[in-house]
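Peer 1: here's a sequence, model it:
(2 chains)
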2 protein chains.
Amino acid sequence: MRTTYCGQVTKEYDGQEITLVGWVNRRRDLGGVIFLDLRDREGIVQVVFDPDKADVFETANSLRNEFCVKVVGRVRLRPDSQINSDMTTGEIELLGLDLEILNRAKPLPLDLNQINSEEQRLKYRYLDLRRPEMTQRMVFRSKVTSFVRRYMDKHAFMDVETPMLTKATPEGARDFMVPSRVNKGKFYALPQSPQLFKQLLMMSGMDRYYQIVKCFRDEDLRADRQPEFTQIDIETSFMSAEEVMQITETMIRDLFVDLLNVDLGEFPQMTFAEAMRLYGSDKPDLRNPMQLIDVADLLKDVEFKVFSGPANDENGRVAILSVPGGAKLSRKNLDEYTKFVGIYGAKGLAWMKVNDRDAGMEGVQSPVLKFLNEDVVTALLERSNAQSGDLILFGADDYRVVCEAMGALRLKVGEDLDLCQGQWKPLWVIDFPMFEEADGQLHAMHHPFTAPVAGVSAEQLIEAPANVLSNAYDMVLNGCELGGGSVRIHRQDMQSAAFKVLGISDEEAQEKFGFLLDALQYGAPPHAGLAFGLDRLVMLMTGASSIRDVMAFPKTTTASCPLTNAPSAANSAALEELALEVKAIQEQE
Amino acid sequence: MRTTYCGQVTKEYDGQEITLVGWVNRRRDLGGVIFLDLRDREGIVQVVFDPDKADVFETANSLRNEFCVKVVGRVRLRPDSQINSDMTTGEIELLGLDLEILNRAKPLPLDLNQINSEEQRLKYRYLDLRRPEMTQRMVFRSKVTSFVRRYMDKHAFMDVETPMLTKATPEGARDFMVPSRVNKGKFYALPQSPQLFKQLLMMSGMDRYYQIVKCFRDEDLRADRQPEFTQIDIETSFMSAEEVMQITETMIRDLFVDLLNVDLGEFPQMTFAEAMRLYGSDKPDLRNPMQLIDVADLLKDVEFKVFSGPANDENGRVAILSVPGGAKLSRKNLDEYTKFVGIYGAKGLAWMKVNDRDAGMEGVQSPVLKFLNEDVVTALLERSNAQSGDLILFGADDYRVVCEAMGALRLKVGEDLDLCQGQWKPLWVIDFPMFEEADGQLHAMHHPFTAPVAGVSAEQLIEAPANVLSNAYDMVLNGCELGGGSVRIHRQDMQSAAFKVLGISDEEAQEKFGFLLDALQYGAPPHAGLAFGLDRLVMLMTGASSIRDVMAFPKTTTASCPLTNAPSAANSAALEELALEVKAIQEQE
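Peer 2: Have a look, this model is predicted:
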């Protein structure tokens, strides 16, 4: 029906008669001539209608925005003065010879050139997606998955589909449940990830598996979450953690070269302990040059309990952040930061402005100066390497509170003062603890199938679980976790020990994971894997500000779809067939 | 961890020391030497352990079936007498130098060399998948999807993901429903197909879309159905039916060349009417050479009401099937066929054995011969082109009953007598009626979004819906529908007319499809598409006898998973959160 895409007509077509189809992006009348911006998936081209062809001109005159049309025309070069070098098609225009309206459009319910409300954008998603920015994101996403698949193919990974209707999974978040009609009163769960199935595939000898797969979590949709999201899911047998990291790092590096022409270089590796120490985060944004600097040893003996307390507590931490040029911040700014760290449990925020680096006590300004002597100040300045004009911020509390509060503050200050350097800063975080404690109970830091580092026995795991590191690895880019994975447990005794540590009784383990424990007894191979969050990867690569902007049909923050009105009430016959009853809903939460 | 796959060690490795990992497929002790068949995804290789290396030999001696091991060995050529030309690795063997047990295996709960029950196979799916036949099917399936994706990429189709949590779809079968926790009392539906979303993507200007996507139908699982299945889903804007057929036919043809080295040739096209006339089926198996032959005109005047009734009824049909070599069938066979056509509503099955083609009435044998005169018999023999030794079977009833009964009988007799010719017989069936009548109501033969053939107006559709043909096309291979598609309605007036014909009130249309009717008013492009059933395609290509054998983790015929025990009871807290109550189940159906 067409010769090429609108966005691909270049001066190579000069003189040719071609056919294009697309949408009217804009129509202007200039001096008795009609200029049309015709748009399709690949871009926009300018079409000109002269009045000599009366019938065609009349049709052109009747066009409105978003009419779908077919144009036959002759390509000609634009006069030099009208060349638009920002557009692929900017050197040419099409002289319209024939014009057919394929479908009309009513005036649109939203202006595609304005910023519309999220609700409106989702209700008329089919129009919102016509905006070139959105179209290009969808095209880009498709290129990402296509690249990943080709890479996986090349490395002998098999695409295997795992079930969507399955058993409740143990990933921590809530499962979506699907009532069964054939087995009334029973429910399937939608997978939070294909974790156990991909491990079973390794036990089936599939050797290398990948899948780009929908996963589901019925969580409250605070922040930028979606009830369904997409994972690039990878699992291999007979590979070490290092090999999995190497093959997936190369994939991401090649992807960035291919689609963005960006060389990410080799990814540095950092232990979890070091990431917490330097950045207060297990997913540090390395574009931000600031690091946390431990100063407990310098403040052990000061009069100020806020400092000396945590400095002398083995579970405490005292750390500073030296903010380049931060001395210019106002009291109001500092009050705001004090409030900000409060969100993370910090009880306050001490600060010290370095007005003159070489003037000792005289050169600094701080509400807590009265508690510090000259030696301490000098030592602080030295260790922080603060310069005149910098600001030192103090975190002193439990280790975890300091990490979280100062880690978050580091990011906020970095953004406020525009301190970030470089566009892309990837790294691996490794050597995570196997478990973390919360509410007096150990939880798996990754998931219960993660193997400890080599050399740890099942007995050792049970004896001192808190000390054991896992063979897990997270890929982090610009402060976002792009993906995470681990070597998996492939021996039954170790898996049972891990369940025991997690407080899962033998009975519960058997009921929930009996099939896994069974499968481990029939020659399960050593295996390891990783999963990337596709939505977030594409969001980062396209510079979108929300994962909703890289999904064709996302849900709102209340998990609904304004386009189709899903979810909706079920009819009573359907409920009857499922043996279900909806209870009267007292109050909407 | 390894040099190559077991199944890929050829004589090019002769003399090299290599490392392999895999599973013990078989261990034999022959004359003090241990022979090991080591298996991985790619095949089997023979490993030999001599007693000279005592410790390695001892380890080898302790191996049992399905142990997972790592072997270091030197490749050597087998003596000529031991060459196995059926195996890729049949010219070599590995002399085992070192051996590590990566994981032990208990005695297996099922014998992988025997035919196990479906229940056992699914309960221990991770073992069942180790059988080379099953492994190869999974590998093959992966190659199919990989090929399709590359083909789609090459033709500028974008992979766009559509939602899994969506609104009830109108495909006819029951939806799986997913209760919403955030919107208590409301339900999402799992998609039966992404039909409306892919049409909306066309309205978004995505131009060419594809997705390999899970779809769901909560139907009773008679025959070879699964609650979740996979579709190769395709949609394009600005393409005619012919163009869609051409691009998808080429894909399938190229796929067969690439993976099976089979050239399917150009696919013939047949109208629905002709398919029913010649084969009594809209998905004829052309490997079977028999055709239905209409003989109503010859039997209009016979005394036998069973023939003359339908022959004189404009809704009746009288047709014969001439079975080559069928005269040898016994009375028992014929009784069985009579019972068989009864399933399809036929009240009996008249037959005529042609013992001697040239002997007129004398040469034939039939229970209905007394109703026929010489002229009729001669005419029947002539039209059927029956030869001595053939059998003529008669169908006389309503048009539909004759088509269904004789169409099914044709397949059965063809199979019983091994009449099929050629391995692969693809075709397109086109020119379907828009609607079919059932229970006094018109139903969409494809789906309600299918466009009529060109030139039909909305008014004409409403006036005489039963006469209108749709612009739909089914791809059929060996009697299976591989895929089906159509040009879609892209104008609101036509879509409203189609809903009206289907008895959908304006109100219902607005409630269920309001967003589609809206979207059609904003410059919707002409569009068309097609969907293939991936499971069936792979089943046919691999020669598997069930789609379960080409899915990694299928459900049983009662929609359950013996491996994970899904579906299972939900805990009451979860139900509470969903505001749901499971009603006491009186009796299990």
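Peer 1: got the residues of the stretch 1-150 of chain A near chain B?
Peer 2: A:1-2, A:5, A:21-24, A:39-41, A:66-68, A:102-106, A:108, A:125-127, A:129-130, A:135, A:138-139, A:141-142, A:145-146, A:149-150 (Cβ under 8 Å from any Cβ of the partner chain). Every residue, glycine included, has its C-beta placed from N, CA and C.
Peer 1: can you select the buried ones from those in ChimeraX?
Peer 2: Per 16 or more other Cβ atoms under 10 Å in any protein chain shown, the buried members of those correspond to this ChimeraX selection:
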select /A:2,5,21,22,23,24,39,40,41,66,67,68,102,103,104,105,108,125,126,127,129,130,135,138,139,141,142,145,146,149,150
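Peer 1: for A:Leu97, identify the helix or strand it belongs to.
Peer 2: strand A:92-103 (DSSP states H and E).
Peer 1: does anything pack onto that strand? Which helices or strands?
Peer 2: strand A:17-30, strand A:43-49, helix A:54-62, strand A:68-77 (3 or more Cβ pairs under 8 Å, 6 or more residues apart in numbering or on different chains; DSSP states H and E).
Peer 1: what mean pLDDT does the longest one have?
Peer 2: Same thing as strand A:17-30. Per-residue pLDDT over strand A:17-30 has a mean of 96.
Peer 1: in that strand, what's buried?
Peer 2: A:Ile18, A:Thr19, A:Leu20, A:Val21, A:Gly22, A:Trp23, A:Val24, A:Asn25, A:Arg27.
Peer 1: dump the residues you listed to TSV, plus distance to A:Ala566.
Peer 2: Output for the buried residues of strand A:17-30, formatted as TSV (distance: Cβ to Cβ, whole Å):
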residue	distance to A:Ala566
A:Ile18	42
A:Thr19	39
A:Leu20	36
A:Val21	32
A:Gly22	31
A:Trp23	27
A:Val24	31
A:Asn25	31
A:Arg27	36
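Peer 1: A:Ala570: which of these is nearest?
Peer 2: A:Trp23 (37.6 Å; Cβ to Cβ).
Peer 1: what residues does the closest residue to the closest one other than its chain neighbours make contact with?
Peer 2: The shortest distance from A:Trp23 to any non-neighbouring residue, by Cβ to Cβ, 6 or more residues apart in numbering or on different chains, is to A:Arg39 (5.0 Å). Shown in contact with A:Arg39 (Cβ atoms under 8 Å, 6 or more residues apart in numbering or on different chains): A:Cys6, A:Gly22, A:Trp23, A:Val24, A:Asn25, A:Arg130, A:Pro132, B:Gly205.
Peer 1: quick one: A:Arg39 from A:Phe449, how far?
Peer 2: Distance of A:Arg39 to A:Phe449, computed by Cβ to Cβ, to the nearest Å: 49 Å.
Peer 1: just A:Ala105 next, same as before
Peer 2: 53 Å.
Peer 1: what's the helix or strand for A:Cys403?
Peer 2: Per DSSP H and E: helix A:399-416 holds A:Cys403.
Peer 1: for A:Lys198, same thing?
Peer 2: A:Lys198 belongs to helix A:195-203, assigned by DSSP H and E.
Peer 1: quick one: contacts for the residue of the stretch 201-350 of chain A at minimum distance from chain B?
Peer 2: Going by Cβ to the nearest Cβ, chain B is nearest to A:Ser204 of the stretch 201-350 of chain A, at 3.6 Å. A:Ser204 makes contact with B:Arg125, B:Tyr126, B:Leu127, B:Leu129, B:Arg130, B:Thr135, B:Ala552, according to Cβ under 8 Å, 6+ apart.
Peer 1: helices - which of these land there?
Peer 2: Among the contacts of A:Ser204, the ones falling in helices (DSSP state H) are B:Arg125, B:Tyr126, B:Leu127, B:Thr135.
Peer 1: strands paired with the strand holding A:Leu97, and their directions?
Peer 2: Sheet pairing for strand A:92-103, assigned by DSSP bridges, gives strand A:43-49 (parallel), strand A:68-77 (antiparallel).
Peer 1: quick one: name whatever helix or strand follows it.
Peer 2: helix A:118-123.
Peer 1: next, count neighbours for the residue nearest to A:Arg76 when sequence neighbours are not counted.
Peer 2: Distances taken as Cβ to Cβ, 6+ apart put A:Leu95 closest to A:Arg76, at 5.8 Å, once the chain neighbours are dropped. Other residues near A:Leu95 come to 14 when the count uses other Cβ atoms under 10 Å in any protein chain shown.
Peer 1: next one: A:Pro107
Peer 2: So A:Pro107, with other Cβ under 10 Å, has 9 neighbours.
Peer 1: residue contacts, it?
Peer 2: A:Arg64, A:Asn65.
Peer 1: list the contacts for A:Asn261?
Peer 2: With Cβ under 8 Å, 6+ apart, A:Asn261 has no contacts at all.
Peer 1: low pLDDT regions in chain A?
Peer 2: Within chain A, the segments meeting pLDDT under 70 span A:169-172, A:221, A:223, A:585-589.
Peer 1: domains for it, by residue range?
Peer 2: Domain assignment for chain A by the TED database gives A:6-103, A:135-269+A:428-549, A:288-421.
Peer 1: looking at the ones you listed, which is buried most?
Peer 2: domain A:135-269+A:428-549 (a mean of 20; mean count of other Cβ atoms under 10 Å in any protein chain shown).
Peer 1: got the end-to-end distance for it?
Peer 2: Taking Cα to Cα, to the nearest Å, the first and last residues of domain A:135-269+A:428-549 lie 10 Å apart.
Peer 1: the stretch 151-300 of chain A: helices as residue ranges?
Peer 2: Applying DSSP state H, counting those that start in this stretch to the stretch 151-300 of chain A gives helices spanning A:195-203, A:241-260, A:272-279, A:296-299.
Peer 1: what's the answer for the stretch 351-500 of chain A, then?
Peer 2: Counting by DSSP H, counting those that start in this stretch, the helices of the stretch 351-500 of chain A are A:374-384, A:399-416, A:458-463, A:492-501.
Peer 1: wait, doesn't A:Ser237 sit right on A:Leu201?
Peer 2: No - counting by Cβ atoms under 8 Å, A:Ser237 stays clear of A:Leu201, with 9.1 Å between them.
Peer 1: ok, back up a step: B:Pro310: which of the domains of chain A is closest?
Peer 2: The nearest among the domains of chain A, by Cβ to Cβ, is domain A:135-269+A:428-549 at 40.2 Å.
Peer 1: quick one on the thing from earlier: export the contacts of A:Arg39 to TSV and tack on distance to B:Arg548?
Peer 2: Below are the contacts of A:Arg39 laid out as TSV (distance: Cβ to Cβ, whole Å):
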residue	distance to B:Arg548
A:Cys6	47
A:Gly22	46
A:Trp23	45
A:Val24	51
A:Asn25	50
A:Arg130	42
A:Pro132	45
B:Gly205	40
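Peer 1: now for those residues, which pair is the farthest apart?
Peer 2: A:Val24 and A:Pro132 (14.0 Å).
Peer 1: setting aside sequence neighbours, what's the nearest residue to the closest residue to chain B within the stretch 301-450 of chain A?
Peer 2: Going by Cβ to the nearest Cβ, chain B is nearest to A:Phe449 of the stretch 301-450 of chain A, at 14.6 Å. Once flanking residues are discounted, A:Phe449 sits nearest to A:Arg488: 5.0 Å by Cβ to Cβ, 6+ apart.
Peer 1: tell me which other helices or strands the helix holding A:Cys403 touches.
Peer 2: helix A:272-279, strand A:292-294, strand A:316-323, helix A:331-342, strand A:391-398.
Peer 1: just give me how far the fourth one sits from the chain centre.
Peer 2: It refers to helix A:331-342. Centroid separation for helix A:331-342 versus its chain: 28 Å, with Cα atoms, centre = their mean, to the nearest Å.
Peer 1: again with stretch A:162-175
Peer 2: The chain centroid and the centroid of stretch A:162-175 are separated by 21 Å, computed with Cα atoms, centre = their mean.
Peer 1: cool, stretch A:320-335 as well?
Peer 2: 29 Å.
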